[in-house]
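Q: generate a structure from the sequence data that follows.
(2 chains)
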Amino acid sequence: ELKVEQNPLFLSMQEGKNYTIYCNYSTTSDRLYWYRQDPGKSLESLFVLLSNGAVKQEGRLMASLDTKARLSTLHITAAVHDLSATYFCAVVGYGGATNKLIFGTGTLLAVQP
Amino acid sequence: DAGVIQSPRHEVTEMGQEVTLRCKPISGHNSLFWYRQTMMRGLELLIYFNNNVPIDDSGMPEDRFSAKMPNASFSTLKIQPSEPRDSAVYFCASSIWDSRNQPQHFGDGTRLSIL
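A: From the prediction side, this is the model:
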């Protein structure tokens, strides 16, 4: 059974600092997604990572995928308050015609001024 | 383009009542997913459809829950009878089947409170 773990669960950081959120998964995966959720809102897609070594960047966020280690990272550079949200990774199991996403627990990011 | 549309946005009802949640996927998407989000259990996939056919309903918690997709542009999730532990935010998402580089697109959710 595919399991997805994120850490940390909660991250409080100051503006201008850098930090990394980690996403580990338990079995071989076909693809990995990162989503952002603001309080009381829907989930917004951030990145789609499809292959080993994939790296995607958007603004102050950069996501990478290491399929051999079954690990993805979301790196935050020079954090700003607007990045405060909950970040989820989600993984699709390998093989078969499926789009079934298994979500991690989420990381609540609070950027303090 | 319109995104995934869910209704109602909020629902408050008494235990034992029937609850129906509705979803309109993005036009052209042929996969539809129902999720439930709670503080205790996080985001759980309840059921998903491909080309209007249920593919995996292993996440449906019990027989009180049922879902249908009568056509490509409409799906319902029904709870009958409802219980307080069903209180959660229910999200609908859609995507293009087996399109690896496209994410699932989520609706705004229905916040359900069972008293």
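Q: can you report how many residues lie near residue 60?
A: The chain I'm using is chain A. As a burial measure, A:Arg60 scores 14 neighbours (other C-beta atoms under 10 Å in any protein chain shown). Yep, even glycine has a C-beta here, placed from its N, CA and C like the rest.
Q: can you look at chain B instead?
A: 19.
Q: low-confidence ranges in chain B?
A: B:1 (pLDDT under 70).
Q: so in that sheet, which strands flank the helix or strand hosting B:Leu112, and in what orientation?
A: Using DSSP states H and E, B:Leu112 falls within strand B:110-114. Strand B:110-114 sits in its sheet next to strand B:10-13 (parallel), strand B:88-95 (antiparallel), going by DSSP bridges.
Q: same list (those) but as TSV, adding distance to B:Ile47 and mean neighbour count.
A: Listed next are the strands paired with strand B:110-114 as TSV, based on distance: least, C-beta to C-beta, whole Å; neighbours: other C-beta atoms under 10 Å in any protein chain shown:
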stretch	distance to B:Ile47	mean neighbour count
strand B:10-13	19	14
strand B:88-95	11	23
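Q: in the strand holding B:Leu112, what's buried?
A: B:110-112, B:114 (16 or more other C-beta atoms under 10 Å in any protein chain shown).
Q: can you pull the contacts of the nearest residue to B:Arg85 once chain neighbours are set aside?
A: Leaving aside its chain neighbours, B:Arg85 sits nearest to B:Ile114 (7.8 Å; criterion: C-beta to C-beta, 6 or more residues apart in numbering or on different chains). With contact taken as C-beta atoms under 8 Å, 6 or more residues apart in numbering or on different chains, B:Ile114 is in contact with B:13-15, B:17, B:19, B:82-87.
Q: now swap in A:Leu43 and tell me
A: A:Leu43 makes contact with A:35-37, A:88, B:91, B:93, B:106, according to C-beta under 8 Å, 6+ apart.
Q: please apply the same query to B:Pro103.
A: Taking C-beta under 8 Å, 6+ apart as the test, what B:Pro103 contacts is A:33, A:35, A:45, A:48, B:95.
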